[in-house]
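K.L.:
okay, here's the prediction I keep looking at, along with the sequence it came from:
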Amino acid sequence: MKIVFLVSSMNAGGAERVAATLVNALADQGHDVTLLVCHPKKTPSAYALDERVQLQHLLDESPFLGLKFIGSAIKPFVLRQTLKRLQPDRIVSFLTNVNVVALVANWGLKRPIIVCERTHPTLNESSGKFLRVLRRLLYPRATAVVAQTEQSADVLRRLLPSQPRVHSIPNPLPPELLTLDKASGQPDAQGRYQLVAMGRLVPSKQFDVLIRAFAAVAHNFPNWNLSIWGEGPLHASLQQQIQQSGLQQRIQLMGHSKQAFQQLQQASAFVLTSRVEGFPNVLLEAMALGLPCISFDCPSGPAELSA
């Protein structure tokens, strides 16, 4: 089967990691897989791709996609021509903005298309009102709509009463994770335990709440440190908060790691303080490595993972 996967980018992120896992697995099963990146900038994939996966960028189809205003307007037309050229048997699209473009591009081509929501359908801060209106209008034209949790699927069923095929499919674990030893949970060589958090340094992750909570109990647990892995726009404000707490030696912003699984292996416990999640991949990965996990019961994912 010839399958085209559509993604916004292949930068470091949960949706991108899942896309890489899925296209690699499908290529290994013998399918002809093209991973088509729709972002108007070309960057290398942050995740390893099977050599049988064909990585293409929509920007290669038209240089005008790199122009801020023109690019957004012509993207559905460029994608439509690309789909005509590739002639896929199935199209799988990730993220609301790409899903909307894909459904417009596929109009009249009648290629089976599965659109996948990778964030909470109503609480996602990146989906503006206009995009949500387009989702409501266009998603009924999809062959199927996939959410990552049953909670999100229920929301989509209420939003899309004329779309009978809304399914919940949890994210897969990357296969390489299953080959690793479980985390020992033991202290490091200096006798210190590591509480680890991971994610983009953005408001929805609530790392400010985590830092405040850790600072409130740190004196009761003098042999514990907090390490926060990730990058993002809140780095400076979080660093200032750490300095104000006087715990610079015990709370650290570690930046991005290309060896996230190894960092989890070396941890003593994992914590997730998000206000909202689509599906917390890192929580699933920490659990798979046998780490004790603490999580807010945010929409959506943590409660279903613990069931």
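P.N.:
Received the coordinates, thanks.

K.L.:
what about this structure, any weak spots by pLDDT?
P.N.:
68-70, 124-127, 307 (pLDDT under 70).

K.L.:
and the strands in it?
P.N.:
Ranges of strands in the chain, per DSSP state E, are 2-7, 32-37, 54-57, 90-94, 113-116, 144-147, 166-168, 193-198, 224-229, 251-255, 269-272, 293-295.

K.L.:
could you dump the ones you listed to TSV with distance to residue 107?
P.N.:
Where you see a C-beta, it was placed from the backbone N, CA and C, and this is true even at glycine. Formatted as TSV, those follow (distance: least, C-beta to C-beta, whole Å):
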stretch	distance to residue 107
strand 2-7	15
strand 32-37	17
strand 54-57	21
strand 90-94	12
strand 113-116	10
strand 144-147	17
strand 166-168	21
strand 193-198	39
strand 224-229	42
strand 251-255	43
strand 269-272	39
strand 293-295	41
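
K.L.:
just put those in a markdown table and tack on mean neighbour count and distance to residue 281.
P.N.:
Formatted as a markdown table, these follow (neighbours: other C-beta atoms under 10 Å; distance: least, C-beta to C-beta, whole Å):
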| stretch | mean neighbour count | distance to residue 281 |
| --- | --- | --- |
| strand 2-7 | 22 | 15 |
| strand 32-37 | 22 | 18 |
| strand 54-57 | 15 | 21 |
| strand 90-94 | 24 | 13 |
| strand 113-116 | 24 | 14 |
| strand 144-147 | 22 | 15 |
| strand 166-168 | 17 | 16 |
| strand 193-198 | 22 | 9 |
| strand 224-229 | 20 | 13 |
| strand 251-255 | 17 | 18 |
| strand 269-272 | 21 | 11 |
| strand 293-295 | 18 | 13 |
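
K.L.:
for residue 136, which of the ones you listed is the nearest?
P.N.:
Comparison of the strands of the chain against residue 136 by C-beta to C-beta identifies strand 144-147 as nearest, at 11.5 Å.

K.L.:
rewinding a little: out of the strands of the chain, flag the one nearest residue 174.
P.N.:
strand 193-198 (14.2 Å).

K.L.:
now the closest one - C-alpha only, CSV.
P.N.:
Extracted in CSV, the C-alpha atoms of strand 193-198 (Å, rounded to 0.1, in the frame of the first residue of the first chain):
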residue,chain,number,x,y,z
TYR,A,193,18.1,11.4,44.0
GLN,A,194,16.9,13.1,40.7
LEU,A,195,13.3,14.2,40.2
VAL,A,196,12.9,14.7,36.4
ALA,A,197,10.4,16.6,34.3
MET,A,198,10.5,17.0,30.5
